[in-house]
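In: Fold the stuff below for me.
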Amino acid sequence: MFFSIIIPLYNRPQEIKELLDSLTKQTYKQFEVLVIEDGSVNDAADIVKSFSDKLNVRYFTKPNEGQGFTRNFGFERANGDYFVIFDSDCLIPAYYLQIVNDYLGSNWLDAYGGPDDSHPSFTPIQKAISYSMTSPFTTGGIRGNKKGIGQFHPRSFNMGVSRKVWETVGGFIITRSAEDLEYSIRIHANGFKIGLIPEAKVYHKRRTNFLQFYKQIHFFGRARINLYTFFPNELKAIHFFPSVFTLGLMFTIITNIFRWPVITQICDYFLAVLILLIFFHAWWKNKSIKVAFLSIIAAFIQLIAYGLGFMQDFWKRVVLKRS
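Out: The predicted structure is shown next:
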């Protein structure tokens, strides 16, 4: 099978250099790479050109439209039987394409997704953020997991679709704000088989500091409501958990200020249990006390940021019916 790897890029030349370098190490060689510069000011033309003798790579530039429509641009120009989508802040293990090719050969999927993980070279904050985004103690636990809630939805940092899917369903119809979830739901609605390939993982850098992480996750919370406007049935009870946590945390702070004895003790107990669970699980996963402490911060940022973003747009778009 011949794969077309499609990578939208926006002002991240160093990231694409590391990603392309990881692709030169692939053991499976039947693939091309399409790098699409989405209106960047700080472009990566020279960096991509430096890989022309190591990879079958093509470089395009276009006006800024967002990652969804930029992927469509790549789909239209791809030669592959199967299109693979990566975010520019990913590193790809050497056996990735071999794993996908072998899996599809024995258990065909029209579209697939894979999990993400942290790389040993990542900073402690990046490892903590990666832990939070995959932890069973946050909503990250339902991502990249066979036991997830309902129909599996591939995410665009590590996602593949067959050419037949593209020809039948088309591409992304929204360019950001849960565009990958909307696309996955539409693929499934057209009768195509979607599944997780557990071994097809990527190393996902995500954000490099907590402020960037907060902004990203706040946007994700808002994006969930955006998806709701397309598919109301896709809003599950689990998606309310960060908002419930955020409100519960506010309530805990209030009980401590006003010293309501029994209620304060109960709230503090549950909060302490959650902190300890995150700490020891993150320590076990990363073998680092520092990362474990940072993982507590990352988990709280994730839950609060998502919860606030979710509540903001739930109030505006669902309760007040504003567009």
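In: and Arg12, what are its phi and psi?
Out: phi -140, psi 60 (degrees, to the nearest 10).
In: I should have written Ala200 there, sorry.
Out: The phi/psi pair for Ala200 (degrees, to the nearest 10) is phi -90, psi 70.
In: Kindly report the same for Ser162.
Out: The phi/psi pair for Ser162 (degrees, to the nearest 10) reads phi -70, psi 160.
In: and it, how many residues sit next to it?
Out: Using other C-beta atoms under 10 Å, Ser162 has 22 other residues around it. Yep, even glycine has a C-beta here, placed from its N, CA and C like the rest.
In: how about it, what does it touch?
Out: Shown in contact with Ser162 (C-beta atoms under 8 Å, 6 or more residues apart in numbering): 81-83, 110-111, 192.
In: let's see it at 10 Å
Out: Ser162 makes contact with 1, 80-83, 104, 108-112, 168, 187, 192-193, according to C-beta atoms under 10 Å, 6 or more residues apart in numbering.
In: quick one: pLDDT of the residue of the chain positioned farthest from its centre?
Out: Each residue of the chain has a distance to the centre, and by C-alpha atoms, centre = their mean the biggest one is for Pro261: 41.4 Å. Listed pLDDT for Pro261 reads 79.
In: Pretty sure it sits against Thr255.
Out: Yes: taking C-beta atoms under 10 Å as the definition, Pro261 is a contact partner of Thr255 at 9.2 Å.
In: Show me where the stretch 51-200 of the chain dips below the pLDDT cut-off.
Out: Residue ranges of the stretch 51-200 of the chain with pLDDT under 70: 140-150.
In: just so I have it, where are all the strands in the chain?
Out: Listed in chain order, the strands of the chain (DSSP state E) span 3-9, 31-38, 57-62, 82-86, 90-91, 111-113, 116-117, 158-162, 194-196, 202-204.
In: Quick one: closest of the ones you listed to Gly248.
Out: Gly248 lies closest to strand 116-117 among these, at 28.1 Å (C-beta to C-beta).
In: show me the contacts for the closest residue to Lys290 other than its chain neighbours.
Out: Nearest in space to Lys290, with sequence neighbours left out and distances taken as C-beta to C-beta, 6 or more residues apart in numbering, is Pro124 at 5.2 Å. Residues near Pro124 by C-beta under 10 Å, 6+ apart: 118, 286, 288, 290-295.
In: repeat for Met1
Out: Taking C-beta under 10 Å, 6+ apart, one finds 28, 30-31, 80-82, 97, 100-101, 104-105, 162 in contact with Met1.
In: in the stretch 151-300 of the chain, which spans are helices?
Out: 163-169, 179-189, 210-230, 241-258, 261-286, 289-313 (DSSP state H, counting those that start in this stretch).
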